[in-house]
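1. Sequence first, predicted model second:
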Amino acid sequence: QVQLVESGGGLVQAGGSLRLSCVRSGTIFNIDTMNWYRQAPGKQRELVATITLAGTTTYADSVKGRFTISGDNAKRTVFLQMDALKPEDTGVYYCKLHRPPRLDYWGQGTQVTVSS
């Protein structure tokens, strides 16, 4: 049974930084990507950042240059370093594992609140 557990969220002032972690337990093969999503109050969940098994990364335009996704395969952990945070970055951040063609695992989410 695969489980994802996020941590690292909290309350921070605008301009500050947070580092989110997503730890995977359980064995799974042929992972395609690890992803960070976020959901702001009253809005749809949106993709923030993706990292492939080969280490290729992509970002939403709204976080480019401020967020960095990285992974530690040995520790089965994916990180999201968030710098220069803005109030609009507030939301619940979720980790998702994707295995083709259609298998997805989600974590329970961690709250990030950025005050102005």
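-> All right, it came through fine.

2. where's Leu11 relative to Pro100, distance?
-> 37 Å (C-beta to C-beta, to the nearest Å). All C-beta atoms are positioned from the backbone trio N, CA, C, and that covers glycine.

3. which of these two has more neighbours?
-> It is Leu11, of Leu11 and Pro100, that has more neighbours when counted by other C-beta atoms under 10 Å, with 12 against 9.

4. ok, now which ones touch the more buried one?
-> 113-115 (C-beta atoms under 8 Å, 6 or more residues apart in numbering).

5. element containing it?
-> strand 10-13 (DSSP states H and E).

6. For that strand, output the C-alpha coordinates as CSV.
-> Output of strand 10-13 as CSV, limited to C-alpha atoms (Å, rounded to 0.1, in the frame of the first residue of the first chain):
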residue,chain,number,x,y,z
GLY,A,10,2.6,26.7,8.1
LEU,A,11,2.1,30.5,8.4
VAL,A,12,4.7,32.8,6.9
GLN,A,13,4.9,36.5,6.0
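
7. Strand partners (parallel or antiparallel) of it?
-> strand 110-115 (parallel) (DSSP bridges).

8. out of the contacts of Leu11, who has the most neighbours?
-> Val114 leads the contacts of Leu11 on contacts (other C-beta under 10 Å) with 20 neighbours.

9. correct me, but that one touches Ala84?
-> No - applying C-beta atoms under 8 Å as the test, Val114 and Ala84 come out as separate, 10.2 Å apart.

10. which sections of the chain are below the confidence cut-off?
-> Along the chain, no part satisfies pLDDT under 70.

11. residue boundaries of the strands in it?
-> Taking DSSP state E, the strands of the chain run over residues 3-7, 10-13, 18-25, 33-39, 46-52, 57-59, 67-72, 77-82, 91-99, 103-106, 110-115.

12. Write down the beta-bridge partners of the spatially most central residue of the chain, one by one.
-> Residue closest to the average C-alpha location in the chain (C-alpha atoms, centre = their mean): Trp36, at 2.6 Å. With DSSP bridges applied, Trp36 shows beta-bridge pairing to Ala49, Cys95.

13. ok, the residue lying farthest from the centre of the chain - contacts?
-> Using C-alpha atoms, centre = their mean, the residue of the chain lying farthest from its centre is Ser116. It sits 22.3 Å away. Counting by C-beta under 8 Å, 6+ apart, Ser116 makes contact with 14, 87.
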